[in-house]
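Visitor: just coords:
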Ligand SMILES: O=C(O)[C@H](O)[C@@H](O)[C@H](O)[C@H](O)COP(=O)(O)O
């Protein structure tokens, strides 16, 4: 049994859609192409593009290249809505804020209306109130009732060297059945408490991009891709039921140990 009593198919049946690129620059370039093509597809077919962004250094370079991309600049940003996968519980202007990272690298450089930027609120006195407030933001933006789950057109994820994704951290995340769209993660050892989208929301996305760069990820990526799924030890395994919707952009350093 795997976390939450869910019996999952063995990964042997899955061959993730992995694109190995030469380095972080090429990874960022491919991420730009994926963002623009997914946005064009959503805007043409549904008139709106809902995208959720992660924090971290890997997406940061992609955001900077996106801001510099004529194709991205030409997108109809008035119909693009940006959200966050997770957020450290710090003020929006904190250097540790995932919102600030995306705002500085991308959002201040494209013509996106302020109302289309749906950051995770971190000004509430109580972090749980903030998480509920973000759920209300999501439900209102997607026009959902209390049972609805937002279907993002694209979710941009990273993977930590410990196998985490979003703020679903190893050995403290149990993929229990939940109707919550966002949850609070209380982090020990002095790291910052966080708010994160839950695994049902990640799995509901139409498309997900996992950006993995650097030698420090190589051994973990090998274990993630070759071992039996274990969502508690490697939370990124929550994507295994939906791998067909996932595109992995991995640089050569991070892919070095993949058999
Ligand atoms: O808030 C966060 O820290 C991110 O959302 C986190 O999930 C990130 O994606 C991974 O830690 C990978 O980060 P790097 O790309 O910097 O290695």
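Guide: Nice, I can see it. Given the structure is predicted, the values throughout are model-derived calculations rather than measurements.

Visitor: when you work out contacts or count neighbours from here on, use the C-alpha atoms and nothing else.
Guide: OK.

Visitor: where does this structure come near the ligand, residue by residue?
Guide: Selection of the chain residues close to the ligand by C-alpha under 6 Å from any ligand atom yields 54-59, 86-87, 157-160, 165-167.

Visitor: show me the residues you listed that map onto strands.
Guide: Among the residues of the chain next to the ligand, the members found in strands (DSSP state E) are 86-87, 157-158.

Visitor: what's the closest of the residues you listed to residue 125?
Guide: Of all these, residue 125 sits closest to residue 87, with 15.3 Å by C-alpha to C-alpha.

Visitor: quick one: that closest one and residue 99 touch, right?
Guide: Yes: with contact defined as C-alpha atoms under 8 Å, residue 87 counts as touching residue 99 (7.3 Å).

Visitor: overlap in contacts, these two.
Guide: With contacts taken as C-alpha atoms under 8 Å, 6 or more residues apart in numbering, residue 87 and residue 99 have 55, 120 as neighbours in common.

Visitor: quick revisit: buried among the ones in strands among the residues of the chain next to the ligand? Make that a ChimeraX selection.
Guide: Per 16 or more other C-alpha atoms under 10 Å, the buried members of these correspond to this ChimeraX selection:
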select :86,87,157,158
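
Visitor: need the ones in strands among the residues of the chain next to the ligand in CSV (columns: pLDDT and distance to residue 254).
Guide: Converted to CSV, these look like this (pLDDT from 0 to 100; distance: C-alpha to C-alpha, whole Å):
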residue, pLDDT, distance to residue 254
86, 98, 23
87, 98, 25
157, 98, 15
158, 98, 12
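
Visitor: I'd like the ones in strands among the residues of the chain next to the ligand laid out as CSV, including distance to residue 248.
Guide: Listed next are those as CSV, based on distance: C-alpha to C-alpha, whole Å:
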residue, distance to residue 248
86, 19
87, 22
157, 9
158, 10
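
Visitor: so which strand or helix has residue 51?
Guide: Under the criterion of DSSP states H and E, residue 51 resides in strand 49-53.

Visitor: actually residue 196, not the one I wrote
Guide: Counting by DSSP H and E, the element that carries residue 196 is strand 194-197.

Visitor: give me the sheet partners of that strand and which way each runs.
Guide: strand 86-88 (antiparallel), strand 182-185 (antiparallel) (DSSP bridges).

Visitor: can you list those strands in CSV and add distance to residue 193?
Guide: Listed next are those as CSV, based on distance: least, C-alpha to C-alpha, whole Å:
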stretch, distance to residue 193
strand 86-88, 6
strand 182-185, 6
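
Visitor: buried residues in stretch 34-45?
Guide: Neighbour-count burial for stretch 34-45, counted by 16+ other C-alpha under 10 Å, picks out 34-36, 38-40, 42-43.

Visitor: quick one: which of those sit in strands?
Guide: Assignment to strands by DSSP E places none of the buried residues of stretch 34-45 there.

Visitor: which among those gets closest to residue 95?
Guide: Proximity of these to residue 95 (C-alpha to C-alpha) peaks at residue 35, which lies at 24.8 Å.

Visitor: quick one: the residue nearest to residue 83 when sequence neighbours are not counted from the ligand, how far?
Guide: Leaving out its chain neighbours, the residue that sits closest to residue 83 by C-alpha to C-alpha, 6 or more residues apart in numbering is residue 52, at 4.4 Å. Separation of residue 52 from the ligand (C-alpha to the nearest ligand atom, to the nearest Å): 10 Å.
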